[in-house]
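1. Provide a 3D model corresponding to the input given below.
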Amino acid sequence: MSTPEQQARERIDAMLAAAGWTVQDKKHLNPSAALGVAVREYDTDAGPADYILFVDRVPVGVVEAKKPEEGEKSTMHEEQAEGYATAKLRWTIGQSSLPFCYLSTGEITKHWDLRDPKPRAREVFSFHRPETLQELLRDSGSGAGVTTSLRQRLTQFPPLDPIGLRDCQVNAITNLEKSLSLNKPRALVQMATGSGKTFTAITSIYRLLKPPVRMRRILFLVDTKNLGEQAEQEFQSYTPNDDRRKFTELYTVQRLTSSFIDAGAQVCISTIQRMYSILQGEDLAEGADEAAPADVARAMAGAGSVRAHHDAPSAPAPVTYNATYPPEFFDLIIVDECHRSIYNLWRQVLEYFDAFLVGLTATPDSRTYAFFNENVVSEYTHEQAVADGVNVGYDEYLIETRITKKGAEIKAQQQIDKRDRLTRKRRWEQTDEDITYTGKQLDHDVVNPSQIRTVIKAFKRAVETEIFPHRTEVPKTLIFAKTDSHADDIIQIVREEYGEGNDFCKKITYGTQEDPKGLLARFRNDYHPRIAVTVDMIATGTDVKPLECLLFMRDVKSRNYFEQMKGRGTRTLDADSLKKVSPSATTNKTHFVLVDAVGVTKSCKTDSRPLERKPGVSLKDLMMQVVLGQRDADTLTSLANRLTRMEKQISPKEKEEFTVKAGGKSIQRIVRDLLDAHDPDVVASTQGVDL
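-> Predicted coordinates:
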């Protein structure tokens, strides 16, 4: 019976062989037998090393083998591995220090590169392939015969040219590069929906691919096909500041639509579902990358194949070593909408690769922060985006539809939300667990035709008389439905109540018989349809800038999902572009209206709030109240809201006059100051409180 040490050696031998190494004993040494040879018990002046790695007959690394129980104390053995790496090897001439160090029990393997500025061991899925180490040792261009490691080059970022970038984007890119230069393996970029996360990411990717950093390959992970297509379009249209050519003219970008990855592509765009299937050596079932990852995970059964239908949940198959796409295949992975893609099944995809991980999200929670080691390199909230003019704010309008003994009772009114803002620490502690409510807390979903008709009538009347009373056409409106059949009922009743034809109101979902992408383009750019009904497809991650009304006819039990759905209305739009689809609009898009027909806003689902707290008070009166010393949150927040909307309506000359009369402060600066006055993080920092 073999000893634990022998068992560990057998596992290490198998791992090395899987990664393309030929394992030999020193007594049968033939270093020219293959590109990569791992020699057991190789003699050094510090004693026999467990394994010395040769690439093309040149020693490049060392493997220190330990029993499983010693793996828990692996840090104690790092110095021993480095001792062999710097020792003089027997039977070699002109040999210098070996850069690549491994410490392995056959179950846990750690790796570090002695060329790094501050070499630090990190856990890896398996050993690097010989050709990878050969590539890493090639001349980096820093001098004849001088090689540098990736982590060395990550300390050499050139200054960032801020032209064409928002302040929040400059901050995110600068802080991310600082994090990478410090060799922090994970980083989280939190930016409000609509503030340009993808553009920020592409700018970072461009700087990482070009000299002096020169990453080899980057993966841009999304969780739906729709988001992958949008990302591909943004790469195609991106032009860097220092080159007139498009990104895709400078670098090869491949959006994965099959199980093949082009080794020559510098950027790969993929759904995380497809990447899982690629690592498993399987074909992705049709439609599986159009659904949310959580739905796909529930559809997986037995052997772990990714199926299009929904089976009963079972334990998914773990990711195993894939020689075609080994763990070192990507240098960096950017995870878009990372709050949806980092748990359970999908976590193993991310942790398979020996790559830096960067998460992008507008709506992190405690699990997101924990996964990214609480390394938040950017935090840019909805309120900050509104203050900076990056996003538009919103109003809430409540339609209550309770079925009482007297029949259907309806109340329609503007909703005023006065909940306190949370500190950053409190927000980070929140989870995204589903929230349950009693019947007294939340109205029932609007599902029967009578209720649907009641809501649509109330919505039509409210838009025409209160919400957008001066418009001659219905503002572009998105209705969130519960199911496909629910959406069909809504569409039929909308057409009837408005007395319009088929083009007026359309369903845009993955399951529609019409081309969903074509419908979405028409909704975004054409006069018709005026109203779209969706269940899933444009609930998250899809830009429709002319949207001015969101009508919720389904409840949402996830804080993050609700925030993402709200984000569909936050995009800014200039007056000329808005008038192309809504001819009676007279100004830039100033805000959108969230119309709540199911009580979705009555729960504490999200930290972002409508800025309007005093809708019945005029701008002049609000300003007078502040002049007279009123400093409560409702007054200052409402004033900030009015000013940011005014800023979108006045001319450049009027903005200059405002700045002069305000002592040199722009409208945006004053809006930010008004919001900061009751921001718990700002208040705490000025008082020296550690949050």
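2. ok, Ala121 to Leu154 distance?
-> Relative to Leu154, Ala121 is positioned 17 Å away (C-beta to C-beta, to the nearest Å). (Glycine included, C-beta is placed from N, CA and C.)
3. more neighbours: these two, which one.
-> Taking neighbours as other C-beta atoms under 10 Å, Ala121 and Leu154 compare with Leu154 leading, 23 against 18.
4. quick check: that one touching Asn183?
-> Yes - look at Leu154 against Asn183 with C-beta atoms under 8 Å: they come within range, at 7.4 Å.
5. state the pLDDT value of Leu486.
-> Quick fix: residue 486 reads His, not Leu. Listed pLDDT for His486 reads 91.
6. hang on, it is in a strand, isn't it?
-> No - in this structure, His486 is helix, not part of a strand, as judged by DSSP: H, G, I helix; E, B strand; the rest coil.
7. you'd agree it is up against Arg554?
-> Yes - His486 is within contact range of Arg554, at 7.4 Å (criterion: C-beta under 8 Å).
8. for the stretch 551-691 of the chain, which segments are assigned as helices?
-> With DSSP state H, counting those that start in this stretch as the criterion, the stretch 551-691 of the chain has helices at 559-566, 575-581, 619-627, 633-647, 652-661, 667-676, 680-686.
9. Arg37 should be in a strand, yeah?
-> Residue 37: Val, not Arg. Yes - read with three-state DSSP, Val37 is one of the residues of a strand.
10. how about it, nearest residue that isn't a chain neighbour?
-> Spatially, and ignoring its direct neighbours in sequence, Val37 is nearest to Phe54 (4.5 Å; C-beta to C-beta, 6 or more residues apart in numbering).
11. and the one helix or strand the one you found maps to, what does it pack onto?
-> Element membership for Phe54, per DSSP states H and E: strand 49-55. Packing partners of strand 49-55 (3 or more C-beta pairs under 8 Å, 6 or more residues apart in numbering; DSSP states H and E): helix 4-18, strand 36-42, strand 58-65, helix 130-136.
12. which one of these lies closest to Asp25?
-> Proximity to Asp25, assessed across the helices and strands packed on strand 49-55 by C-beta to C-beta, is greatest for strand 36-42 (5.3 Å).
13. and for that closest one, what's in contact with it?
-> For strand 36-42, the surrounding residues in contact (C-beta atoms under 8 Å, 6 or more residues apart in numbering) are 9, 16, 20-26, 29-31, 48-55, 57, 63, 89-90, 129-131, 133.
14. buried sites along stretch 232-252?
-> Counting neighbours by 16 or more other C-beta atoms under 10 Å, one finds that the buried residues in stretch 232-252 are 232, 234-235, 238, 240, 247, 250-251.
15. show me the two of these that sit farthest apart.
-> Maximum pairwise distance in these, criterion C-beta to C-beta, is 17.2 Å, between Glu232 and Pro240.
16. give me the mean pLDDT for stretch 283-297.
-> Averaging pLDDT along stretch 283-297 yields 68.
17. about what we covered before: what's the spacing between the residue nearest to Val37 and His128?
-> Relative to His128, Phe54 is positioned 14 Å away (C-beta to C-beta).
18. quick revisit: figure out which of the helices and strands packed on strand 49-55 is closest to Glu657.
-> Closest approach to Glu657 among those (C-beta to C-beta): helix 130-136, 59.8 Å.
19. which SSE is immediately downstream of the closest one?
-> Immediately after helix 130-136, counting by DSSP H and E, sits helix 150-153.
20. burial measure for the residue lying closest to Glu234 once chain neighbours are set aside, as a count.
-> Once flanking residues are discounted, Glu234 sits nearest to Thr198: 5.1 Å by C-beta to C-beta, 6+ apart. The tally of other residues near Thr198 (other C-beta under 10 Å) stands at 22.
21. go on, Phe592?
-> With other C-beta under 10 Å as criterion, Phe592 counts 25.
22. next: Asp526.
-> 13.
23. can you find the helix or strand in the chain with the smallest mean pLDDT?
-> Every helix and strand of the chain was ranked by mean pLDDT, DSSP states H and E. The lowest is strand 407-415, at a mean of 51.
24. quick one: buried ones out of the contacts of strand 36-42?
-> So, by 16+ other C-beta under 10 Å, the buried ones in the contacts of strand 36-42 are 9, 16, 20-24, 31, 49-55, 63, 89, 129-130, 133.
25. now the helices for the stretch 101-250 of the chain?
-> For the stretch 101-250 of the chain, applying DSSP H, counting those that start in this stretch gives helices covering 130-136, 150-153, 167-181, 197-209, 225-237, 247-250.
26. in CSV, list these along with mean pLDDT.
-> Converted to CSV, the helices of the stretch 101-250 of the chain look like this (pLDDT from 0 to 100):
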stretch, mean pLDDT
helix 130-136, 94
helix 150-153, 96
helix 167-181, 97
helix 197-209, 97
helix 225-237, 92
helix 247-250, 97
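27. what's the most buried one of those?
-> helix 197-209 (a mean of 22; mean count of other C-beta atoms under 10 Å).
28. Ile479 belongs to a strand, doesn't it?
-> Yes - counting by three-state DSSP, Ile479 is part of a strand.
29. tell me the contacts of it?
-> Per C-beta under 8 Å, 6+ apart, neighbours of Ile479: 487, 490, 494, 531-534, 551, 553.
30. same check, this time on Asp243
-> The contact partners of Asp243, by C-beta under 8 Å, 6+ apart, come to Leu250.
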